[in-house]
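A.B. asks: Take this sequence and fold it.
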Amino acid sequence: MSNSELLDDLNDDFGSDVESEVEVDNVCDSFGGLERFLMEYKPILLDEINPENIGNVSQIFEHRELFENLMQETADSSSALLLSKTQPLVQQDIDSLHAFLRGVYEETFPELQSIVTSAETYARVIKILEHSQGVPDTEQLQEVVSREQMLVLSMAIQTGYKNPRSQSSDQSFALARSIEVLLELCNLQQRIKNFVASLISQTAPNLCALVGSETAAALIDTAGGIQTLSETPSCNIASMGKSRFVGHKSAVDQSGVRQKGFVFHCPLVSEQPVAVRKQALKMTCAKVSLCARVDTSKSSQDGSLGSEWRKDILHKLQNIQEPPKLSNVKALPIPEDKPKKKRAGRRFRKYKEQFQLSHARQLQNRMEFGKQESSVVDIFGEEVGMGMASTLRAPNSAPTKRTAKLRATMQRRLAAVNQDTHNFFATGYDQSNVLKAPSDESTNNTKTQDKNTKRRQTQASGT
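C.D. replies: Sure, this is the predicted structure:
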């Protein structure tokens, strides 16, 4: 090998090393610059937005080159996690610019903000209206809004849209510049979502196995990272990505679900029947929270837990949709034609005697042929027929003594009370006779008095 060839080989080797070092330095610079940006980020305030600083009001718009470089130079899970943390910041800047646009364009078209609620769609509609000079192009509007919104928007333009020429130059410049910044931020947000979705299987394999890569990327983007998503309660996950609406009535359908976010639109929930979508949403949100915690701890890198939990949810939903099991129908026994056994005996006859009709009532229910029935008026003023009770009597129909059925103890108590009463009256009669008869002492006293009177009489006669 000649010296020239050897020098060329050495130059090639050193040149490749230099290029690789430059690429590594660029990647490190992009990664470190984005981390510093996230630490120093400050949100937009509406009172700071004015027509003069509308170009540099968004820090994300100023540093958008960092995002582009990181997405072009790296393709690993660490960059996907870092970019997913920027999604809430991008959305915050978009909301601030959207509020500024509504304040500027409220005088020109006040009904537009109630018809179009999305920030990107609102900016695109304003851009079309500004370029049309008061006569909007329906074909361009149909590409931006839905058919229902187009119908309402066309009617509102005829009634509430004012001529945009009344705006000042500062307002028109601020309007055009804010629309440009907002659309650029929406485009950047969409590119970040696609980039994270392409690498999300490395970061959250269990979450991707459960709800899919697109839904997993949207959840991680909205939460601001897999760590933040793992700390979010399962009851709040259903609200992530919920579209804005005027009232609850317009958002609730036959499924009874109001929180129609990213999880509701994933295939695991949306492919289920309407009757079980609410239960499917609750089960899926609970498992999403568990998958996020598993992926944060990196305990299952193959996504087996997510696949297993998905099968469990499908099995439970299948059991819910199954009809209830039919119980075994027991046939009735064959009826027997034999006469049934009747109770009899002394106790049963006495029991029936308590409820049987008296002989007078039996005669009252009969009528004698060819004779007028006698009747009486009861206490309620109703006429009651007596039948044969007033004319005929059964032979030897002595009135039977009917008494209430008493227990043996009660009968003994009544007998004792009757005996005491009888003894009382008997002893009281004897005492009254004794009181009426004279006592022995009184008779003795009368006898002594008679003797004394006789003695006095004899003494007086002797003298």
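
A.B. asks: Walking through the stretch 351-463 of the chain, point out its strands one by one.
C.D. replies: 375-377, 383-385 (DSSP state E, counting those that start in this stretch).

A.B. asks: May I see those strands arranged in TSV, with mean pLDDT, mean neighbour count and distance to Gln59 as well?
C.D. replies: Where C-beta positions appear, they are placed from N, C-alpha and C, glycine not excepted. Shown next, in TSV, are those (pLDDT from 0 to 100; neighbours: other Cβ atoms under 10 Å; distance: least, Cβ to Cβ, whole Å):
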stretch	mean pLDDT	mean neighbour count	distance to Gln59
strand 375-377	89	11	106
strand 383-385	89	11	105
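
A.B. asks: Let me see the contact set for Leu281.
C.D. replies: Applying Cβ atoms under 8 Å, 6 or more residues apart in numbering, we find Leu281 in contact with Ala238, Val257, Gln259, Val263, Phe264, Val269.

A.B. asks: what pLDDT does Asn452 get?
C.D. replies: Here the pLDDT value assigned to Asn452 is 70.

A.B. asks: Hmm, I typed the wrong one, I wanted Gln318.
C.D. replies: pLDDT at Gln318 comes out at 92.

A.B. asks: Based on its surroundings, how many neighbours for the closest residue to Arg310 other than its chain neighbours?
C.D. replies: For Arg310, ignoring the flanking residues on the chain, the nearest one in space by Cβ to Cβ, 6 or more residues apart in numbering is Leu210 at 5.2 Å. By other Cβ atoms under 10 Å, 27 other residues sit near Leu210.

A.B. asks: ok, now the one 3 residues further on?
C.D. replies: When counting by other Cβ under 10 Å, one arrives at 18 neighbours for Ser213.

A.B. asks: mind showing which ranges of the stretch 301-450 of the chain have poor pLDDT?
C.D. replies: For the stretch 301-450 of the chain, applying pLDDT under 70 flags the ranges 391-405, 428-450.

A.B. asks: Show me the helices in it, by range?
C.D. replies: Counting by DSSP state H, counting those that start in this stretch, the stretch 301-450 of the chain has helices at residues 304-321, 346-353, 359-364, 408-436, 440-462.

A.B. asks: related to what we said a few turns ago, just flag the most distant two among the contacts of Leu281.
C.D. replies: Gln259 and Val269 (11.3 Å; Cβ to Cβ).

A.B. asks: neighbour-wise, which of those two wins?
C.D. replies: Val269 (28 against 18).

A.B. asks: I figured that one hits Phe262, correct?
C.D. replies: No. Val269 is beyond contact range of Phe262, at 10.0 Å (criterion: Cβ atoms under 8 Å).

A.B. asks: Any idea how far apart the tips of stretch 79-90 sit?
C.D. replies: 16 Å (Cα to Cα, to the nearest Å).

A.B. asks: Tell me how far Ala426 lies from His131.
C.D. replies: Look at Ala426 and His131: by Cβ to Cβ, to the nearest Å, they are 130 Å apart.

A.B. asks: about what we covered before: for Asp93, which of the strands of the stretch 351-463 of the chain is the nearest?
C.D. replies: Among the strands of the stretch 351-463 of the chain, if distance is taken as Cβ to Cβ, the winner is strand 383-385, at 98.2 Å.

A.B. asks: Would you check that Cys235 makes contact with Cys285?
C.D. replies: Yes. Counting by Cβ under 8 Å, Cys235 does reach Cys285; the two are 7.3 Å apart.

A.B. asks: ok, those two, which is more surrounded?
C.D. replies: Cys285 (24 against 12).

A.B. asks: Which of the helices or strands spans the more buried one?
C.D. replies: Using DSSP states H and E, Cys285 sits within helix 277-297.

A.B. asks: That helix: which residues count as buried?
C.D. replies: 277-296 (16 or more other Cβ atoms under 10 Å).

A.B. asks: Run the chain-centre distance for it.
C.D. replies: Chain-centre distance of helix 277-297: 19 Å, with Cα atoms, centre = their mean, to the nearest Å.

A.B. asks: now stretch 100-119: mean pLDDT?
C.D. replies: The model assigns stretch 100-119 a mean pLDDT of 83.

A.B. asks: So for it, what gets flagged as buried?
C.D. replies: Phe100, Leu101, Val104, Tyr105, Thr108, Phe109, Glu111, Leu112, Gln113, Ile115, Val116, Ala119.

A.B. asks: Just the terminal-to-terminal distance for that stretch.
C.D. replies: 11 Å.

A.B. asks: Ok, stretch 215-232 next?
C.D. replies: Terminal-residue distance, stretch 215-232 (Cα to Cα): 16 Å.

A.B. asks: Please shift the residue numbers so they start at 28 in all later answers.
C.D. replies: Yep, numbering from 28; the last one is stretch 242-259 now.

A.B. asks: For Ser240, give its distance to Val296.
C.D. replies: On the measure of Cβ to Cβ, Ser240 and Val296 end up 16 Å apart.

A.B. asks: Please apply the same query to Glu100.
C.D. replies: 37 Å.

A.B. asks: do Ala244 as well
C.D. replies: 17 Å.

A.B. asks: Show me the contact partners of the helix or strand hosting Ala126.
C.D. replies: Following DSSP H and E, one finds Ala126 within helix 114-132. The contact list for helix 114-132 (Cβ under 8 Å, 6+ apart) reads 65, 68, 70-73, 76, 84-88, 139-140, 146-147, 149-150, 153, 198, 201-202, 205-206, 208-209, 212-213, 215-216, 219-220, 248-251.

A.B. asks: Quick one: mean pLDDT over stretch 185-199.
C.D. replies: Here the average pLDDT along stretch 185-199 is 68.

A.B. asks: Now do it: distance from first to last residue.
C.D. replies: Note: stretch 185-199 ends 22 Å apart using Cα to Cα.

A.B. asks: Tally up the residues packed near Phe200, please.
C.D. replies: Phe200: 14 neighbours (other Cβ under 10 Å).

A.B. asks: The helix or strand it falls within: which residues count as buried?
C.D. replies: Using DSSP H and E, Phe200 falls within helix 196-230. By 16+ other Cβ under 10 Å, the buried positions in helix 196-230 come out as 198, 201-202, 204-206, 208-210, 212-213, 215-216, 219-220, 222-224, 226-228, 230.

A.B. asks: Repeat that for stretch 237-252.
C.D. replies: Quick answer for stretch 237-252 (16+ other Cβ under 10 Å): 237-252.

A.B. asks: Same check on stretch 385-400?
C.D. replies: For stretch 385-400, by 16+ other Cβ under 10 Å, it's Ala387, Leu390, Gln391.

A.B. asks: ok, of those, which one's closest to Thr448?
C.D. replies: Nearest to Thr448 among the buried residues of stretch 385-400, with distances taken as Cβ to Cβ, is Ala387, at 31.9 Å.

A.B. asks: Disregarding flanking residues, what is the spatial nearest neighbour of Lys343?
C.D. replies: Here the residue nearest Lys343, using Cβ to Cβ, 6+ apart, is Met310, at 6.6 Å.

A.B. asks: Tell me who's in contact with that neighbour.
C.D. replies: Counted by Cβ under 8 Å, 6+ apart, Met310 has contacts Ile340, Lys343, Leu344.
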